[in-house]
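1. Here's a sequence, model it:
(2 chains)
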2 protein chains.
Amino acid sequence: MTDTETTNVAVLGTGGIGKRTLRVMEHKDDMTPVALCDSGGVAVDFDGVDADDLVAADGGAVAAEGGSEVAALPSGRATDDSIADVIDVHDRIDAVLMALPNIPHSFIPETVERFADAGYEGVMVDVLKRSRVIDTMEEMEDDLVESGITFICGAGATPGFLTGAAAIGAQSFVEIEEIEIWWGVGLKSGYEGNVGTVREDIAHLDGYDLETVSEMSDDEIREVIDEHDGVLEFHDMEHADDRLLERAGICDPDKVEVGGILDVTQDEKPTTTTVRVTGTTFDGETATNTFQLDDDTSMAANVNGPALGYLRAGVFYNENGIYGLHGPAEIMPRF
Amino acid sequence: MTDTETTNVAVLGTGGIGKRTLRVMEHKDDMTPVALCDSGGVAVDFDGVDADDLVAADGGAVAAEGGSEVAALPSGRATDDSIADVIDVHDRIDAVLMALPNIPHSFIPETVERFADAGYEGVMVDVLKRSRVIDTMEEMEDDLVESGITFICGAGATPGFLTGAAAIGAQSFVEIEEIEIWWGVGLKSGYEGNVGTVREDIAHLDGYDLETVSEMSDDEIREVIDEHDGVLEFHDMEHADDRLLERAGICDPDKVEVGGILDVTQDEKPTTTTVRVTGTTFDGETATNTFQLDDDTSMAANVNGPALGYLRAGVFYNENGIYGLHGPAEIMPRF
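-> As a prediction, the model looks like this:
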């Protein structure tokens, strides 16, 4: 960790999540984006990367056709291996926020491994979604601890924000019967900037998986959406909330259910994002505590606020010598 | 810290909260109550204090008129300074849960000081309510760190559970406009066992303060309740949620409002306990996230579950060398 008043943050990936992370970070005086990368470019500036052009391009525009948006920034340059270029300056980075695709599954674990191998000692946060990736990360636990890396996994909206809310909601109870996480996203104007997220959601539909969607073109993704008249409803999603709540000792994974509705025909949420925690109290009552997000909070607000919130908690852990893997329901009152 | 698989817990005070803490702890395999005390007695047993008689007496009965309930336990004995007797065995205690009266204000800080002076190195948790006590505790911060004590302050329902829920609810926003904590308690059958809590609540009414209520008899307390037909409504309570949210960097204390309704004529809650967090998102929307406790969760469930949840988080901090003062909104994703 560098011993400065500000937290030096690297943001890997500048798609929908990465761009909005930068916008949220503008509100945090004590966090500075010092390194950014996309697949073809890197930008490093320890006074803070000027990313105005990138943030302004929000919505899918790129600097030049087929080119790298990051390379086009004032401090940017084109590169074949942009992650390697960030790793080169790892000793001046306090925290790495990974806004990378979950496709393939191995991408995030491999990226963490590259940082560890290079001697990075700091925080890594990602917004990964899939239960099975937690298993992969758990296998790396010893390496993370040995490296001095504090890895916060699943720190977006769900898993992340809503997993944490479920852990809070569980505090009335001595036994949990069911945790239901139900989300609504309206993504009309934001669709173009979030095709990657939509692609990963479609992998949860019957007949699709991450392998099939990774080979689909953007047009084919759009066709699936059109077949559903622009409204996709998901049930029993393989979101990592289940494994992350299990890690925190709250309940077995089969008691957690994640679903939701994605509507690309409107910006209004098609349903209210709600967490319901049903359990039994010590005095024998069965009851349900409820957490609801206002329909006017966007998906972007609910991913990026928590991601930086958990990043900050990770910095506190790391400064105090707490390394290894930590989920959003563990950095909390424990169950 | 003792190096055993179970957390050895001392419970100071066996009024309404202390008794129910013991009942909740029965559901926690890895927590053992090893020391209990009330004003006239102490019981110590490192295999776990047999407190069945005490828990069964829930509702205000005492072992003998004017006597100590704790002294009457199988491992109990009468004593003039029961806290000193717990302090005597401090090196086998991992965590101290203080279910002590907040009257006078200095009682809890002085108790912490006695443990620190004796060389105790472990966790202390209390459910203190008043904003001004946070200031007193903050003055002790250096002593706590030097002693190796991790002190979790305000870890009951409010402050505590609902403060934590507010901190979670804030994660959508870059700026908080208002946090409203509104509680409902139905306390007909539980009244006798919770006179101490009711007394502290009455101190929030116009014309009363902690000094005046501390001099009132139980009959006089009852008279005040009867004057209000058994239903007391509170606004702008001096609950420490405000200072604890400020400590966590979430908002200024004047943006936090705590109130509620206490109804001693029924066990049903007169109003639903609700936390509303209103803020502005990075993308410019003003919105309100909401956390609601089911009406079927009792005050006792909502105080004691979180108290032990925060105690466990405190043990994790202490084991990792994190000492000093920590509030319920800090052991969380940071804002």
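2. Backbone dihedrals for the closest residue to A:Gly13 other than its chain neighbours, please?
-> Nearest non-adjacent residue to A:Gly13, counting by Cβ to Cβ, 6 or more residues apart in numbering or on different chains: A:Ala99, 3.8 Å away. (Glycine included, C-beta is placed from N, CA and C.) Here is the backbone geometry of A:Ala99 (degrees, to the nearest 10): phi -110, psi 50.
3. Once you drop chain neighbours, what's closest to the residue of the stretch 1-150 of chain A found nearest chain B?
-> Here the stretch 1-150 of chain A gets closest to chain B at one residue, A:His27, 3.9 Å apart by Cβ to the nearest Cβ. Of all residues not flanking A:His27 in the chain, B:Val174 sits nearest, at 3.9 Å (Cβ to Cβ, 6+ apart).
4. how close does the one you found sit to A:Ala56?
-> 19 Å (Cβ to Cβ, to the nearest Å).
5. who's more crowded, these two?
-> Set side by side, B:Val174 and A:Ala56 show more neighbours around B:Val174, with 22 against 10, by other Cβ atoms under 10 Å in any protein chain shown.
6. who touches A:Gly13 in this structure?
-> Residues in contact with A:Gly13 (Cβ atoms under 8 Å, 6 or more residues apart in numbering or on different chains) are A:Cys37, A:Asp38, A:Met98, A:Ala99, A:Leu100, A:Pro101.
7. For burial, what's the neighbour tally of the last one?
-> Using other Cβ under 10 Å, A:Pro101 has 19 neighbouring residues.
8. Kindly report the same for the second one.
-> Applying the criterion other Cβ under 10 Å, we find 25 residues in the vicinity of A:Asp38.
9. my read: it touches A:Val11, true?
-> No - applying Cβ atoms under 8 Å, one finds A:Asp38 not in contact with A:Val11, separated by 9.8 Å.
10. list residues touching both of those two?
-> With Cβ under 8 Å, 6+ apart, A:Asp38 and A:Val11 have common neighbours A:Gly18.
11. ok, A:Arg92 touching A:Asp47?
-> No - look at A:Arg92 against A:Asp47 with Cβ under 8 Å: they stay out of range, at 11.7 Å.
12. which one of these two has more residues nearby?
-> The neighbour comparison of A:Arg92 against A:Asp47 (other Cβ under 10 Å) goes to A:Arg92, with 14 against 8.
13. Please tell me how far the residue nearest to A:Gly13 sits from B:Val11.
-> Taking Cβ to Cβ, one finds A:Ala99 at 46 Å from B:Val11.
14. swap in A:Pro328?
-> For A:Pro328, the distance to B:Val11 - Cβ to Cβ - is 30 Å.
15. between these two, which one's more packed in?
-> Counted by other Cβ under 10 Å, A:Pro328 and B:Val11 do not tie: A:Pro328 has more neighbours, with 34 against 28.
16. List the contacts of the more buried one.
-> Taking Cβ under 8 Å, 6+ apart, one finds A:152, A:154-155, A:159-161, A:163-164, A:167, A:244, A:306, A:310, B:333 in contact with A:Pro328.
17. hey, which strand is longest across chain A?
-> Criterion DSSP state E: the longest strand present in chain A is strand A:175-186.
18. Direction included, what does that strand pair against?
-> Sheet pairing of strand A:175-186 (DSSP bridges) gives strand A:256-263 (parallel), strand A:274-280 (antiparallel).
19. For A:His326, name its beta-bridge partners.
-> As for beta bridges, A:His326 partners with A:Ile152 under DSSP bridges.
20. tell me the contacts of it?
-> A:Thr150, A:Phe151, A:Ile152, A:Cys153, A:Gly314, A:Tyr317.
21. quick one: the second one and A:Val112 touch, right?
-> Translated: A:Phe151. Yes - with contact taken as Cβ under 8 Å, A:Phe151 and A:Val112 are classed as touching, separated by 6.4 Å.
22. quick one, which of the two is more surrounded?
-> A:Phe151 (30 against 25).
23. what's the farthest-apart pair in the contacts of A:His326?
-> Comparing all pairs in the contacts of A:His326 by Cβ to Cβ, the longest separation belongs to A:Cys153 and A:Tyr317, at 13.0 Å.
24. Can you get me a residue count around the nearest residue to A:Asn194 once chain neighbours are set aside?
-> Closest residue in space to A:Asn194, ignoring its immediate chain neighbours: A:Gly16 at 3.9 Å, by Cβ to Cβ, 6+ apart. The burial count assigned to A:Gly16 is 26, neighbours taken as other Cβ under 10 Å.
25. Would you confirm that A:Ala95 contacts A:Val9?
-> Yes - taking Cβ under 8 Å as the definition, A:Ala95 is a contact partner of A:Val9 at 5.0 Å.
26. Common neighbours of the two, please.
-> Residues touching both A:Ala95 and A:Val9 by Cβ under 8 Å, 6+ apart: A:Leu311.
27. And the two? Which one has more around it.
-> More neighbours surround A:Val9 than the other of A:Ala95 and A:Val9, with 28 against 23 (other Cβ under 10 Å).
28. now check the host helix or strand of the more buried one, is it near chain B?
-> Assigned by DSSP states H and E, A:Val9 falls within strand A:7-12. No - Strand A:7-12 lies out of reach of chain B by Cβ under 8 Å from any Cβ of the partner chain, never closer than 10.7 Å.
29. So which other helices or strands are in contact with that strand?
-> With contacts taken as 3 or more Cβ pairs under 8 Å, 6 or more residues apart in numbering or on different chains; DSSP states H and E, strand A:7-12 sits against helix A:16-25, strand A:31-37, helix A:82-87, strand A:95-98, helix A:299-319.
30. Pull the contacting residues for the residue nearest to A:Gly13.
-> Applying Cβ under 8 Å, 6+ apart to A:Ala99 gives the contacts A:Val11, A:Leu12, A:Gly13, A:Thr14, A:Gly15, A:Ile17, A:Gly18, A:Thr21, A:Val127.
31. Out of those, which one has the weakest pLDDT?
-> Of all the contacts of A:Ala99, A:Val127 has the smallest pLDDT value, namely 81.
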